[in-house]
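Trainee: Sequence first, predicted model second:
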Amino acid sequence: MNKNKIVMCSIGGVTLVAALVLGYFIWSAFEEKAEKLDDLETAKANVKRINSSKISPEQASVDALEENRRILAMWKDEAFAIVSQGDIAPKPEQAAAFKATLTDEARAEASKPGGVAGKIVKDDFEFGFKDLITGGRIPEEAQVPVLQRQWSDIKLFTDTLSDCGAIELQEVVIVPPKAAEPRQEAGPRRGPKGRRGAKEEEKKPLAAEQNYEIKFTARPLALVKIVNALATCKRFVAVDSLNFRRVEDTLAAALGEKGAEGASGGRRGGGRGGRRPARMQLEDAAAGQDGAEETARKKGLVIDPATDQPFAVTMKLTVYDFGTAGDKPESAADEKKEEEEE
């Protein structure tokens, strides 16, 4: 190959490389331009959307949103303070001391006024703690804080029933908590967002829940008072279900007794041994019932609601504790001192 051919090949190679580089630059410029145009269209669409939204893009809107956020945060704090004002802080107490306290307080609760010989419960009522009050078991040390909260709730129920005029507290059942359902593990996530999501799933519930079922007898007015008292007490108590029925239908019993008296009153004259024919006894029974109904129409009320038979009530309750009692001042003086420090 002569010298001219070598020079021409070198120039051709350099020209080819230069053309490739120039083509790459031109392609990159077009690609960047296309991206810039897409970004511009997106920005225009965002500006159009913002301008047409209900909240105008100005400083006044930002200030209004900040004020709304502040008001919402204040409302949340006030609402949480209201629902958590009845939270209970278990005091440090050994198991044997708690059992002694429980026995003494159960004896005091059993003497609350009611309709069972002047008391709210019968003798040897166990208040849901049969093995502790009437039995000889001493609880484990780890169980004491939970038992203290449960006993505080049961005292609240007993005092409420007694103060509202219930006749008898018949049964208290402490419903054991449900076993936690295993969570389905989601697929692995990459990056910090996945780690944050895993931490959020491990958050504790907002409040500790304890379920109860109580059975008692009360007349209508007392039952209304009990429901209102539980709804307005400081402790956060929710009535999950309420079932009640008459122990006895007084009206039917009253009319039935009148009819029975008419039937039994037919033992006079006629027949062998003073017995009257069955047909005549039935006629007397019907006449007696008609007489009772006629008396009811004349006098008005057949039964007095104040002395009527009570309801047999079954109530399921859930008590929530938000765990804030340990952060609260122990007295009004401490609360005032904290306010002055702030």
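Mentor: That came through, no problem. Residues are numbered from 1 along each chain as shown.
Trainee: Can you read off the backbone torsions of Glu171?
Mentor: phi -160, psi 140 (degrees, to the nearest 10).
Trainee: quick one: it and Lys215 touch, right?
Mentor: Yes: Glu171 is in contact with Lys215 according to C-beta atoms under 8 Å; the separation is 4.2 Å. From N, CA and C alone the C-beta is placed, and that goes for glycine too.
Trainee: pLDDT below threshold where in this protein?
Mentor: Scanning the chain for pLDDT under 70 picks out the ranges 1, 5, 7, 179-203, 249-308, 326-342.
Trainee: buried ones in whatever helix or strand Ala231 lives in?
Mentor: Here Ala231 sits within helix 220-232, counting by DSSP states H and E. Residues of helix 220-232 classed as buried by neighbour count (16 or more other C-beta atoms under 10 Å): 222-223, 225-227, 229-230.
Trainee: With distance to Lys3 as added columns, please give those in TSV.
Mentor: Output for those, formatted as TSV (distance: C-beta to C-beta, whole Å):
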residue	distance to Lys3
Ala222	122
Leu223	119
Lys225	119
Ile226	116
Val227	113
Ala229	114
Leu230	110
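Trainee: Where is the longest helix in this protein?
Mentor: Secondary structure of the chain per DSSP state H: the longest helix is helix 3-52.
Trainee: Could you list the buried residues of the next helix or strand after that helix?
Mentor: Remark: after helix 3-52, the chain's next helix or strand is helix 59-83, criterion DSSP H and E. If you call a residue buried by 16+ other C-beta under 10 Å, then helix 59-83 has these buried ones: Val83.
Trainee: Tell me the helix or strand right after helix 59-83.
Mentor: By DSSP H and E, the next helix or strand past helix 59-83 is helix 95-110.
Trainee: How about residues contacting that following helix?
Mentor: Contact with helix 95-110 is made by 93, 119-121, 123, 125-127, 129, 132-133, 138-141, 143-144, 147-148, 151, 155, 158-159, as judged by C-beta atoms under 8 Å, 6 or more residues apart in numbering.
Trainee: Got phi/psi on the residue lying closest to Leu65 once chain neighbours are set aside?
Mentor: Nearest residue to Leu65 in three dimensions, chain neighbours excluded: Ile55, at 7.5 Å (C-beta to C-beta, 6 or more residues apart in numbering). For Ile55, the backbone dihedrals (degrees, to the nearest 10) come out as phi -100, psi 120.
Trainee: Could you measure from the residue nearest to Asp123 when sequence neighbours are not counted over to Val83?
Mentor: Leaving aside its sequence neighbours, Asp123 sits nearest to Ala110 (C-beta to C-beta, 6+ apart; 7.6 Å). Distance, Ala110 to Val83, using C-beta to C-beta, to the nearest Å: 31 Å.
Trainee: One more: Ile174?
Mentor: Distance, Ile174 to Val83, using C-beta to C-beta: 22 Å.
Trainee: dump the residue contacts of Gln170.
Mentor: Gln170 makes contact with 215-217, according to C-beta under 8 Å, 6+ apart.
Trainee: if we go to 6 Å?
Mentor: Contacts for Gln170 (C-beta atoms under 6 Å, 6 or more residues apart in numbering) come out as 215-216.
Trainee: In which helix or strand does it reside?
Mentor: Per DSSP H and E: strand 168-175 holds Gln170.
Trainee: Right, I'll leave it there.
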